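Participant: Model the structure of this input:
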Amino acid sequence: MLELAILGYLYDQPLHGYELRRRVAQLTGHVRPISDGTLYPAIKRLEQAGWLGRQTEPGTRAAPRHVLTLTEPGRAELRRRLREAEGTALTDENHWFTVLAFLRHLTAPAEQAAVLRRRLAFLSEPSSFFHQGERPLGAEELDDPFRRGVLLIARATSETELAWLADTLESLDAR
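Facilitator: Sure thing, here's the model as predicted:
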């Protein structure tokens, strides 16, 4: 998820490490804070793979600043990761939001639709956070108002996303 976000933001424009960190943190929110000890090793891996370039600029005060840019192989890697998104990239909400934030970089509507259809398939499977044996429990089956709240909120979110997916897929299929 972190590497995808780095590639995605740099696809849009070159950024200083600090600005990149700020944008990634805004996308991932409080759930997955990004420290320098996490961000900079990821940047280094992407650089070593040939997907990022680095240019040094004079600093506004004293120290030089490094501007990160996405190479053409890095652009291709971002598109590949988006095109092939599966597993936790589709099932984990934070991963999914990261994929969704950059899905526009796949310019072919059919490729975008294929990713959305995989997410739709995941959302169409019965699920719950709570089970009785192997059977998922619905909100109406729970006496605990807090657990019922979890399921009602999740249901409302899923229904909203399913409606959005249907509209967006219809639009993509019409292109």
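
Participant: how far away is Ala163 from Glu93?
Facilitator: Ala163 sits 17 Å away from Glu93, going by CB to CB, to the nearest Å. Where you see a C-beta, it was placed from the backbone N, CA and C, and this is true even at glycine.

Participant: Mind checking the pLDDT average for the longest helix along the chain?
Facilitator: With secondary structure taken from DSSP state H, the chain has its longest helix at helix 145-174. Taken as a whole, helix 145-174 has an average pLDDT of 94.

Participant: Which positions in that helix come out as buried?
Facilitator: By 16 or more other CB atoms under 10 Å, the buried positions in helix 145-174 come out as Arg147, Arg148, Leu151, Glu161, Leu165, Thr168, Leu169, Leu172.

Participant: Now do the contacts for the first one.
Facilitator: For Arg147, the contact set (CB atoms under 8 Å, 6 or more residues apart in numbering) comprises Phe129, Phe130.

Participant: Begin at 14 from now on, thanks
Facilitator: New numbering, starting at 14: the last item is Arg160.

Participant: Poorly predicted segments of the chain, please.
Facilitator: Low-confidence segments of the chain (pLDDT under 70): 42-46, 72-75.

Participant: got the residue ranges for the strands in it?
Facilitator: 28-29, 65-70, 78-83, 144-145, 148-149 (DSSP state E).

Participant: contacting residues around the last one?
Facilitator: The set of residues that contact strand 148-149 without belonging to it, under CB under 8 Å, 6+ apart, is Pro139, Ser140, Ser141, Phe143.

Participant: and the two most separated of the residues you listed?
Facilitator: Pro139 and Phe143 (12.7 Å; CB to CB).

Participant: what about those two, which has more around it?
Facilitator: Using other CB atoms under 10 Å, the more surrounded residue of Pro139 and Phe143 is Phe143, with 15 against 7.

Participant: Contacts only, for the more buried one.
Facilitator: Pro149, Leu150, Leu155, Arg160, Val163, Leu164.
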